[in-house]
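In: Sequence and predicted model, in that order:
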Amino acid sequence: MPKFVIVGVGNFGFYLAKSLSEEGKDVIAMDHNKERVQRVQEFCSYAVVGNATDKSILESVGIEKDDTAIVSLGDDISASVLVTLYLKDLDIQNIYVKIISEDHGRVLEKIGAREIIFPERDLAKKVAQTLSSPNVIDYLPLTGEYDIVEIAPPKDFIGKTLAELKLRNKYNISILAVRGLVPESITMNPGGSFILKDSDILIVLGKPDDIDKIKG
């Protein structure tokens, strides 16, 4: 089974290790701080005290090509860059790096990070979406120009079929699923004859500007 190797177990790394462990994943953690390693070790199959900028220590945890590496080294930009380079040298393809700025992310993408993680930015966007649009239930920004948003349908959608609403033609958005609350249900890729109820939640895919057109 592929492993998840977390380099740096501050708050973000700790909760990531805990969540992955609770999902039944095999987690390896590394940090130069002994207390952090002791705190996280109950959620790991292997936790090691070591500085990942020493390539030999990084190799010693047994990371393999199909594993996923998550680099979370706080404000130490040079360390995150160096560790990412070492991981590429080890032929690791799935490299995720927590960043502290857009420029930091640009550098890491150029040297081979598969995905950058910017928690403060992404959380701020999610909170802003919730505060500015009360009918937005949840918000997931995708890489690129599209978002997936879970949204309560506007009042004028209720009682109409998806075919009548013509959401793709009018708004250029796609309905991925409808989540019913009463009774609880999920309808994937609903057809044109699906009638919306006031207890339904739409899960839509589209560009932010297009999704904004149907927000309350």
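Out: Thanks, I have the structure now. Values in this document were obtained by computation on a predicted structure and should not be read as measured data.
In: close enough to count as contact, residue 116 and residue 107?
Out: No. With contact defined as CB atoms under 8 Å, residue 116 and residue 107 do not form a contacting pair (9.7 Å). Glycine gets a C-beta too; all of them are placed from N, C-alpha and C.
In: can you give me the helices in this structure?
Out: Ranges of helices in the chain, per DSSP state H, are 11-22, 34-40, 55-60, 77-89, 102-111, 119-132, 162-165, 167-171, 208-212.
In: so which of the ones you listed is the most packed in?
Out: helix 77-89 (a mean of 19; mean count of other CB atoms under 10 Å).
In: re the thing from before, reformat the helices of the chain as a markdown table; add distance to residue 146 and mean pLDDT.
Out: Shown next, in a markdown table, are these (distance: least, CB to CB, whole Å; pLDDT from 0 to 100):
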| stretch | distance to residue 146 | mean pLDDT |
| --- | --- | --- |
| helix 11-22 | 25 | 93 |
| helix 34-40 | 34 | 95 |
| helix 55-60 | 35 | 88 |
| helix 77-89 | 26 | 92 |
| helix 102-111 | 18 | 86 |
| helix 119-132 | 14 | 63 |
| helix 162-165 | 20 | 93 |
| helix 167-171 | 13 | 89 |
| helix 208-212 | 8 | 84 |
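In: Figure out which of these is closest to residue 145.
Out: helix 208-212 (7.9 Å; CB to CB).
In: Other residues contacting the closest one?
Out: 133, 145, 147, 149, 151, 171, 172, 173, 204 (CB atoms under 8 Å, 6 or more residues apart in numbering).
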